[in-house]
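Student: return a 3D structure for these sequence lines:
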Amino acid sequence: MFADQAKILIRSGKGGNGHVSFRREKYVPNGGPDGGDGGCGGDVMFLVDEGLNTLVDFRHVHQFFAGNGEDGSKRNRHGANGENIILKVPAGTVIKDFETGKVILDMSDKTEPVVLLKGGNGGKGNQHYATPTMQAPQYAQPGQSAKEIMVTLELKVIADVGLAGLPNVGKSTFLSRVTNAKPKIANYHFTTLSPNLGVVDLDAEAGFVIADIPGIIEGASQGVGLGYEFLRHIERTKVLIHIVDAACIEGRDPILDIKVILKELRAYHEKLANRPQVIAANKIDVMSELDKETVISLLREEFEPEMKVFPISAVSGEGVKELLWHVYQMVQESPDEVIEFEQEFVPEFDYSDESFTVEQDESEEHVFLVYGPRIERMLGYTNLESEKGFDFFQKFMREHGILKELEALGIAEGDTVKIYEYEFNYYQ
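Tutor: Residues are numbered from 1 along each chain as shown. Sure, this is the predicted structure:
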């Protein structure tokens, strides 16, 4: 099965923590702070690989994490930066936010690696916090958190021309005749399970890329059948060829068939229905002259001049060259640029959460729990083993109203306060 969509979790690296240490050398009894900075976390990057044409590499692996930055160490040693992770995707891949479905990044024409998630910055060591009044700072800065997001990868085929049509109208036969593509051909709905690409060479200088979009059925834009999965591949094409069964072999009306396709294109995306289009009335090799004249006249009366009608036979080749030269001219008149999807969503990560929670432990009497993002980060850069570090911690608890909340809950002297892995006895 052609892999044209994948859901993956990506995460950049966490920044390493700054280090708390002091210079200790012979003959230097009171050295200053020399804690090194933490390394930066690795980035998550995407790169177009021209050798890829599916997203199959993401079918079985769904999580991709960059490396974390290492913590700083004594003697001003900087922690190593985390390793970047580069995800290679085929040209035409669109990266969307999984929750909203909005476009984050279009990899249609990116020739250089693109950073999607930046790694967290490393924290500063305690050497940065020395002041004339605080010459021995007992704390350092924690590394910035990693960034994480669930994204959807969608492959939207890049081709000049797309073949649109209901099942069994002869699209695959047509493609195999006009290009070197060798699609599988059989008589049932959704025979083509992947967009087949081929190159049409009209002469030494004239040609274009054509894609056989798998058969669309009514309701495809709402996800009926496999239609929705394949409609995305039409989005980048400049010109659409409607192939219809003019011989009505399966008892269908070619005029109604085209209207069904137009309805589904419009329902999926309004712009699709407004692309330059042409009609290829196929299978004329099995029609009488009278039937052929009647059907072609009805088609032209209904759709021309907006969509020119060409009677063709994908089997015998009758009328195919005239159609291809007309389509080539339509491609030449179209803007010479890859259709790129604009960014609709910018991932934002909030590190400003100042909240904390203070509550009494339901399972243990005289035990109170304190937790929250700000407190956890504070513990990361505070040395509670030192007197100054513990004074800093108490000041933090008081200034942020945590002590007041504990008192409101009825804490008494000697009760236990648990803050993550730390435990303290409360005294006024």
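
Student: where does the stretch 101-250 of the chain dip in pLDDT?
Tutor: 131, 133-134, 180-195, 204, 214-233 (pLDDT under 70).

Student: which parts of it are strands?
Tutor: 103-106, 114-117, 148-155, 161-164, 196-201, 207-212, 239-245 (DSSP state E, counting those that start in this stretch).

Student: these: which one's closest to Gly92?
Tutor: strand 148-155 (5.6 Å; C-beta to C-beta). To be clear about C-beta, it is placed using only N, CA and C from the backbone, and glycine gets the same treatment.

Student: buried ones in the closest one?
Tutor: Under the neighbour-count criterion of 16 or more other C-beta atoms under 10 Å, strand 148-155 has Ile149, Val151, Thr152, Leu153, Glu154, Leu155 buried.

Student: spatially central residue for this structure, please.
Tutor: In the chain, the residue lying closest to the centroid (C-alpha atoms, centre = their mean) is Ile95, at 2.4 Å.

Student: now do the strand or helix carrying that residue: which elements does it pack against?
Tutor: Element membership for Ile95 (DSSP states H and E) is strand 93-97. The contact analysis (3 or more C-beta pairs under 8 Å, 6 or more residues apart in numbering; DSSP states H and E) places strand 93-97 against strand 44-48, strand 103-106, strand 148-155.

Student: using PDB, list the CA coordinates for the last one.
Tutor: Output for strand 148-155, consisting of C-alpha atoms alone and laid out as PDB, is shown next (Å, rounded to 0.1, in the frame of the first residue of the first chain):
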ATOM      1  CA  GLU A 148       7.100  18.400  21.700                       C
ATOM      2  CA  ILE A 149       4.300  18.200  19.200                       C
ATOM      3  CA  MET A 150       2.200  15.600  17.300                       C
ATOM      4  CA  VAL A 151       2.200  16.200  13.600                       C
ATOM      5  CA  THR A 152       0.700  14.700  10.500                       C
ATOM      6  CA  LEU A 153       2.800  14.200   7.400                       C
ATOM      7  CA  GLU A 154       0.900  14.300   4.100                       C
ATOM      8  CA  LEU A 155       2.400  13.600   0.700                       C
END
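
Student: number the residues from 30 up from this point.
Tutor: Sounds good: first residue 30 from here, last item strand 177-184.

Student: angle of that strand against strand 122-126?
Tutor: With axes from the mean of the first three to the mean of the last three C-alpha atoms, to 10 degrees as the basis, strand 177-184 and strand 122-126 are set at 150 degrees to each other.

Student: quick one on the thing from earlier: make CSV from the buried residues of strand 177-184 and add distance to Lys43 to it.
Tutor: Shown next, in CSV, are the buried residues of strand 177-184 (distance: C-beta to C-beta, whole Å):
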residue, distance to Lys43
Ile178, 15
Val180, 19
Thr181, 24
Leu182, 24
Glu183, 29
Leu184, 31
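
Student: which two in the residues you listed are spaced the farthest apart?
Tutor: With C-beta to C-beta as the measure, no two of the buried residues of strand 177-184 lie farther apart than Ile178 and Leu184, at 19.4 Å.

Student: any idea how this structure splits into domains?
Tutor: Domain assignment for the chain by automatic domain parsing gives 30-183, 190-362, 386-454.

Student: any idea how far apart the tips of the last one sit?
Tutor: Using C-alpha to C-alpha, to the nearest Å, the end-to-end distance of domain 386-454 comes to 18 Å.

Student: thinking again about what came up before, and of the domains of the chain, who's closest to Gln372?
Tutor: So among those, domain 30-183 is nearest, using C-beta to C-beta, at 5.8 Å.

Student: how far is the closest one from where the chain is centred?
Tutor: 18 Å (C-alpha atoms, centre = their mean, to the nearest Å).

Student: in this structure Gln164 contacts Phe51, no?
Tutor: No - Gln164 is beyond contact range of Phe51, at 10.0 Å (criterion: C-beta atoms under 8 Å).

Student: out of those two, which sits in the busier spot?
Tutor: Phe51 (18 against 11; other C-beta atoms under 10 Å).

Student: tell me how far that one lies from Gln423.
Tutor: 22 Å (C-beta to C-beta, to the nearest Å).

Student: do Glu293 as well
Tutor: Distance, Glu293 to Gln423, by C-beta to C-beta: 67 Å.

Student: try Glu416
Tutor: 11 Å.

Student: ok, Asp282 next?
Tutor: 83 Å.

Student: what's the answer for Arg40, then?
Tutor: Taken as C-beta to C-beta, the span from Arg40 to Gln423 is 35 Å.

Student: neighbour count winner among these two?
Tutor: Arg40 (20 against 12).

Student: beta partners of the more buried one?
Tutor: Per DSSP bridges, the residues bridged to Arg40 are Phe94, Glu177.

Student: so it makes contact with Asn97?
Tutor: No - applying C-beta under 8 Å as the test, Arg40 and Asn97 come out as separate, 9.8 Å apart.

Student: which residues do these two both contact?
Tutor: Ala175 (C-beta atoms under 8 Å, 6 or more residues apart in numbering).

Student: now the helices for this protein?
Tutor: Here the chain has its helices, by DSSP state H, at 200-207, 256-260, 283-297, 299-302, 318-332, 349-362, 402-409, 416-428, 431-437.

Student: now Lys147: closest residue in space that isn't a chain neighbour?
Tutor: Nearest non-adjacent residue to Lys147, counting by C-beta to C-beta, 6 or more residues apart in numbering: Asp72, 5.6 Å away.

Student: from what I can see Asn155 touches Lys103, true?
Tutor: No - assessed by C-beta under 8 Å, Asn155 is found out of contact with Lys103, at 10.2 Å.
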